[in-house]
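Colleague: Give the three-dimensional model of this entry:
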Amino acid sequence: MVLTSVGKMSGLQKKTSGIRNICILAHVDHGKTTLADCLISSNGIISSRLAGKLRYLDSREDEQIRGITMKSSAISLHFEKGDEEYLINLIDSPGHVDFSSEVSTAVRLCDGCIIVVDAVEGVCPQTQAVLRQAWLENIRPVLVINKIDRLIVELKFTPQEAYLHLKNILEQVNAVTGTLFTSKVLEERAEKETESESISDSAPGDQIYDWSAGLEDTDDSHLYFSPDYGNVVFASAIDGWGFGIEHFAKLYSQKIGIKPAVLLKTLWGDYYLNTKAKKIMKGDQSKGKKPLFVQLVLDNIWSLYESVMKRDKEKIEKIVTSLGLKIGARESRHADPKVHLNAICSQWLPISEAVLSMVCNKLPSPLDITAERVEKLMCVGARTFDSLPPETQELKSAFMKCSSEGTAPVIVFVSKMFAVDAKALPQNKPRPLTQEEIAQRREVARRRHAEKLAANQGKELSEKPPSENTSEVNTGEEQQLNSQIEIMTSKATKQEADNKESFIAFARVFSGVVQRGQKIFVLGPKYDPAEALHKLSAQCSATDDLPLVPHMTCCTLENLYLLMGRELEDLEEVPAGNVLGIGGLQDFVLKSATLSTSPACPPFTPLNFEATPIVRVAVEPKHPSDMPQLVRGMKLLNQADPCVQVLIQETGEHVLVTAGEVHLQRCLDDLKERFAKIEISVSAPIIPFRETITRPPKVDMVNEEIGRQQKVAVIHQTKEDQNKIPEGVEVDSDGLVTISTPNKHATLSVRAVPLPEEVTRLLEENSDLIRTMEQLNTSLNEDKKTHEINQKTIDRIKEFKQKLEQSLQGRKWRNAVDQIWSFGPRKCGPNILLYKFEGYKKSVWQCLENAVKEASKYRDFDNSIISGFQLATLSGPMCEEPLMGVCFTVEKWEMGKVGEVLSASSQDSGECDALEHEPNEDTVSLSSSYMAEVCSEDKHQDSNQSVPRSPEKASKHKAEVLLADCYGPFSGQLIATMKEACRYALQAKPQRLMAAMYTCEIMATAEVLGRVYAVLSKREGRVLQEEMKEGTDVFIIKAVLPVAESFGFADEIRKRTSGLASPQLVFSHWEIISSDPFWVPTTEEEYLHFGEKADSENQARKYMNAIACASDSVLCTVTFAVSPAYSDSFLFGLYGFSHATGRENYS
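Modeller: As a prediction, this is how the structure comes out:
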């Protein structure tokens, strides 16, 4: 096929009904990029002989070396079907779990997707993950069962066995889809029930419960894959063939004389052909007949493969002649039979024709976007579509129409930013010269050559050129041309010097027409249209002078590009429904953003990332002078990768957080070679752990009941335990810790208790909801308008509270849910703070109760207690890692005379004198100096003016004193005391480390199974399940493996099994390491079993020591410039901060 011009492509972009935005999704190594090559070759961009070998969309060098896709790439294809012309915007995405964030960026821009499944391996973990991602984004899938040639060549299946195997794969894929559909229906059913319950509570009469789940009444037939629906293609991309059964239905309808519609329904399923009666009958298996699919389709393909592999020339010629194909002599004589096979199959059953026909018939155009998807895109967080402003709701019609009219608002979503070399941009490429420019340059060169000859001969030119006018014109044109060349050269040099890497936004237009040079609003993820519309009118544009609006900026779209895989083509404008690249947004968009000409447009829902970034490394330059390049390089890397996180720790280290080992290697390569371009040193991976506590064990390390044995080292052990607790801290036998502030005016009693596992899991799953609750409570406390609260959010919070109450049952958890003071760390973590002292009432459920502020002696200092709890849960006592699954209970909080000071807000200056002249140990020493100063000021004022102070003025002054006090040093002492109390309460209980765990799925043959188990056991892995894949000799092993042991695991597995097994690692959960990191033998049996030093391997201690080595202290020198007027206040604040955080070693 001839290459399609850019002009033709831009013309097709205007016909929205003929656009198909699709992506290819699959598990790793299932053949996505090979399939993409086959589709690209149909447009003449690459040769069909190179399809599958070139991997055109894998443009990175490391992608070609590793043989896996690491980033999603787009290309636009032209496809003709009859009289219709289509524009296929194809996005190839990675299959490796480390790069699943790239899948999320691709899926958001598409309306449909091609799910590719390996015919041998079947449904794998990533197949399920991509089906789930497609479901969450409301895009329609079609199925390609690839690598069918492996069933013939590798597994040596008969056509009948292959048919049953393919049928089984279809059932597996449909089972995943069915599960997703069922969960959705049950969720909708639950929502309807809650609504009906609220109505039925008010309505009298008997209630009849409907036991049906709602699944019986819902039509889900369009969701499933079946060849007779036309949404399944059977293919072998490497051999260049693929077909849907409609191809064979048309072919055989003429030969057999049966209608194509009948054949289409019966070609797949339990039907067979009665040759005598020339009828299609049902029940092939019961009657021992060949299914129609085997008889008419698979037998022919098997026969062709057998003939070519055995080099049966007569049979091959007969097949080629009967099919009417023309095979070249080069292919026929080739030593590799696969080349001959590819030549025959790609002409007989071209895969591009089958797949692109299915895409055009079965996948929707941008005009067919569903209302459900639009509402989902427009509603961020817990907000519902009905709660959005009316101007925002009106934009739904613009989405649905996908209009390209001039009046339609422009709405664009940028899913990621990707880096390209500045030289690869169209404007920086050397463009082909026109005929006029070539003629001018030829004339200039000829004249220069003549001048050179004349100079060499030492003669001056005596005669002028034939025409003076012509020479003047030529000279003028030459000067103009030279000046243009100089300007272009200087521009190019400047751009190259300024920025070697340019960022292109990977985007889609959902409404309106995007034009080059257009000014547009960039809306951040926290942008709120309701808030912005108070300041702006809905009709304002980005060109107007507008007031500052939070999370909104204006920018100009400098360049628009047509994405053509490795190439970019310039465009002037792009209508709605198209995928495009946008240049010039690198200073406005970090990773993703929404662009619009209307301020009423909401930011799109954030992308769903399957992988969690968990692997951390510290990075530093080998030469300290290169630090600025490293900082700049890490900023660029952060922008170029949708999943990576870049952090600067308090020690000053620059940390990269990535999704896995392969992702980490790619990020480090990019940093060294593309972004920073310096030599870097990389630390060993920083493994995340969590700290927790457990109930006291009932048996010791040799499984003897504790308390029954003769203790040998009890005295020595108790002395060690006592030495851990400093003076002034009381710890009772039950673990209750009592501690006072340094000024002895507040006393806290705190107890630590382990949370049940289901509660910890519940808190982790609902962290976003807890964050929403915190925001609502803050706005209530600050008396802000809470218009964003909607009934759905309230219902979710009530449901969450109900689940907590169900999980926290028993005497010790009585009323615990109502007494939850805070969650931590960061006010949304998996730890709980409870209060059980009298005279105080405040909980995290304020947003449900609409509680009014109560006057209390604790009111001004409760935030200090919460801050201390947050600090304690952020870094535990064992190795400064966050806590998990711990409940702290404040059982006592005594404030001395502070309560009286707080309550006496109406006292006059006489009381102030008493407070100054009669100091007492029970008074607040912290505020006495400040109050004395205030009182002296009052006296001075009274003596000068001789005017008595009004009670209102005195109370106002007192309030100012107290306000200063609640943010003063006493507050810092409370924070530090609470933090220390939590730490000691934690140490009073059995402490444990929690390790991050990967779920590991390995596919291996029987002969290497033992080696796989050996590697797993060596790395502390635990096998959960082992099952054999039906119809193959492949075993699927499911195991869990600590993240700390996972580095080099994939390489070791491949080496030990000679490449026959490859693992997929996905972060799963946190798991308690059963061994006590501080354990030493104390009984006679333990001494006999473990020895006096007990130096056998303790997994928890090994990890703890590794963390201690990794986090060696870093000395940091910081210089502050402080005005002399504020020096005392500054030192006071520095002291309070250092005391609160426990870092007092500053000078």
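Colleague: Point me to the helix or strand that includes the nearest residue to Asp732 once chain neighbours are set aside.
Modeller: Counting by C-beta to C-beta, 6 or more residues apart in numbering, Asp732 lies nearest to Thr738, which is 7.9 Å off, once chain neighbours are set aside. C-betas here are computed from N, CA, C, even on glycine. Following DSSP states H and E, one finds Thr738 within strand 737-740.
Colleague: By residue count, which helix of the protein is the longest?
Modeller: helix 159-202 (DSSP state H).
Colleague: got any ranges where the stretch 101-250 of the chain has weak pLDDT?
Modeller: For the stretch 101-250 of the chain, the stretches flagged by pLDDT under 70 are 191-219.
Colleague: any chance you could map the strands in the stretch 601-750 of the chain?
Modeller: Counting by DSSP state E, counting those that start in this stretch, the stretch 601-750 of the chain has these strands, from start to end: 615-621, 645-648, 654-658, 680-682, 689-693, 729-731, 737-740, 747-754.
Colleague: now for the last one, which elements pack on it?
Modeller: The one in question is strand 747-754. strand 689-693, strand 737-740, strand 886-894, helix 969-987 (3 or more C-beta pairs under 8 Å, 6 or more residues apart in numbering; DSSP states H and E).
Colleague: now these as JSON lines including mean pLDDT?
Modeller: Converted to JSON lines, the helices and strands packed on strand 747-754 look like this (pLDDT from 0 to 100):
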{"stretch": "strand 689-693", "mean pLDDT": "92"}
{"stretch": "strand 737-740", "mean pLDDT": "91"}
{"stretch": "strand 886-894", "mean pLDDT": "91"}
{"stretch": "helix 969-987", "mean pLDDT": "88"}
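Colleague: Return the list of strands paired to the longest strand that the chain contains, each annotated with direction.
Modeller: Ranked by number of residues, the top strand in the chain under DSSP state E is strand 991-1005. Using DSSP bridges, strand 991-1005 pairs in its sheet with strand 689-693 (antiparallel), strand 1034-1042 (antiparallel), strand 1062-1072 (antiparallel).
Colleague: closest one to Glu102 among the ones you listed?
Modeller: Glu102 lies closest to strand 1062-1072 among those, at 15.5 Å (C-beta to C-beta).
Colleague: contacting residues around that closest one?
Modeller: For strand 1062-1072, contacts defined as C-beta atoms under 8 Å, 6 or more residues apart in numbering pick out 28, 97, 124-126, 610-612, 614, 660, 690, 692, 694, 884, 992-1003, 1040-1043, 1046, 1049-1050, 1053-1054.
Colleague: go with 7 Å
Modeller: 97, 125-126, 612, 614, 660, 690, 692, 694, 884, 992, 994-1002, 1040, 1046, 1049-1050, 1053-1054 (C-beta atoms under 7 Å, 6 or more residues apart in numbering).
Colleague: Asp270 touches Lys289, doesn't it?
Modeller: No. Judged on C-beta atoms under 7 Å, Asp270 makes no contact with Lys289 at a distance of 9.6 Å.
Colleague: just to revisit the earlier point, buried deepest among the strands paired with strand 991-1005, which one?
Modeller: Counting by mean count of other C-beta atoms under 10 Å, strand 689-693 has the highest mean neighbour count of those, with a mean of 24.
Colleague: Just want the angle from it to helix 969-987.
Modeller: Angle between the axes of strand 689-693 and helix 969-987 is 80 degrees (criterion: axes from the mean of the first three to the mean of the last three C-alpha atoms, to 10 degrees).
Colleague: Could I have the CA atoms of strand 689-693 written out in PDB?
Modeller: Taking C-alpha atoms only, strand 689-693 is exported to PDB below (Å, rounded to 0.1, in the frame of the first residue of the first chain):
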ATOM      1  CA  PHE A 689       9.000  -1.500  56.000                       C
ATOM      2  CA  ARG A 690       6.300  -0.800  58.600                       C
ATOM      3  CA  GLU A 691       6.500  -1.200  62.400                       C
ATOM      4  CA  THR A 692       3.700  -2.700  64.500                       C
ATOM      5  CA  ILE A 693       3.000  -4.500  67.700                       C
END
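Colleague: residues touching Pro688, list them.
Modeller: By C-beta under 7 Å, 6+ apart, Pro688 lies in contact with 614, 616, 996.
Colleague: With the flanking residues excluded, which residue is spatially nearest to the first one?
Modeller: In this case it means Ile614. Counting by C-beta to C-beta, 6+ apart, Ile614 lies nearest to Phe1067, which is 5.2 Å off, once chain neighbours are set aside.
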